[in-house]
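Visitor: Kindly return the folded structure for what I paste below:
(one chain, ligands or ions: 1)
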Amino acid sequence: MTERVPVRIKRLPHSHGLDMPAYATQGAAGMDVLAAEGVILRPGTRHAVATGFAVAIPSGYEIQVRPRSGLALKHGITVPNTPGTVDSDYRGEVKVILINHSDDNFTIQRGDRIAQLVVSPVTLARWEEVDELDDTARGAGGFGSTGGHASL
Ligand SMILES: O=c1ccn([C@H]2C[C@H](O)[C@@H](COP(=O)(O)OP(=O)(O)OP(=O)(O)O)O2)c(=O)[nH]1
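Guide: As a prediction, this is how the structure comes out:
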C-alpha cells in the first residue's frame, strides 16, 4: 500500500453521528464524502451541501471535489465546478456544490454519499515572460483543429 498523506480534519458541531470521508475500496482514488444536511434539489438548481468538517491540508497538496459517476449517470447530479478545489490554507467547512441536471427533484438525505474527495499534489509555477514562444507543429491550432468528429 502507498503511504498516506496525513490531513488534519476537524468535526464541526453539525457532523454529529456522521462518518468522516472514507475510501470505499482498497484501490479507490477518492474518499466518499457524506452530506451533513438534507436538501431537495429541484431541476436545474444547485446547492453548496454541508459536509460537517473542515481540514488543514499540508502545503503542496489540494483536495479535489469530484462527482460520483453513479449519481451523474442515473440522476444527472454532478459538481458544476468539478474538480472543486480545496486550498491548503482554507479553514472553513468543506462544501460540495451539486447541480441537478435532471427533470426531477432529487432528494439528498443527511448521511448520503454525495461526492468524492481526491488528495492531490500541487505544482506551483512562476511566469517567465518572453517576447517570442518556440514554434510547434500545432502552432495556434486548437478547439477541434485536429478533427476526429463529424461536427469538427
Ligand atoms: O467545491 C468546493 C470548492 C471550494 N471550496 C472552498 C475551499 C476553497 O479553498 C475555497 C475557495 O474556493 P475557490 O478558490 O474555488 O473559490 P473562489 O470562488 O475563487 O473563491 P475565493 O475568492 O474565496 O478563493 O472554497 C469548497 O469547500 N468546495
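Visitor: Distance check, the residue in the chain positioned nearest to the ligand against residue 143.
Guide: Nearest to the ligand, among the residues of the chain, is residue 84, at 2.3 Å (C-beta to the nearest ligand atom). Glycine gets a C-beta too; all of them are placed from N, C-alpha and C. According to C-beta to C-beta, to the nearest Å, residue 84 stands 25 Å off from residue 143.
Visitor: Between those two, which is the more surrounded one?
Guide: residue 84 (20 against 6; other C-beta atoms under 10 Å).
Visitor: before we move on, back to that, who does the residue of the chain closest to the ligand bridge with?
Guide: Applying DSSP bridges to residue 84 gives these bridge partners: residue 65.
Visitor: again, but for residue 117
Guide: With DSSP bridges as the rule, residue 117 is bridged to residue 31, residue 65.
Visitor: hang on, isn't residue 42 packed against residue 105?
Guide: Yes. With contact defined as C-beta atoms under 8 Å, residue 42 counts as touching residue 105 (5.6 Å).
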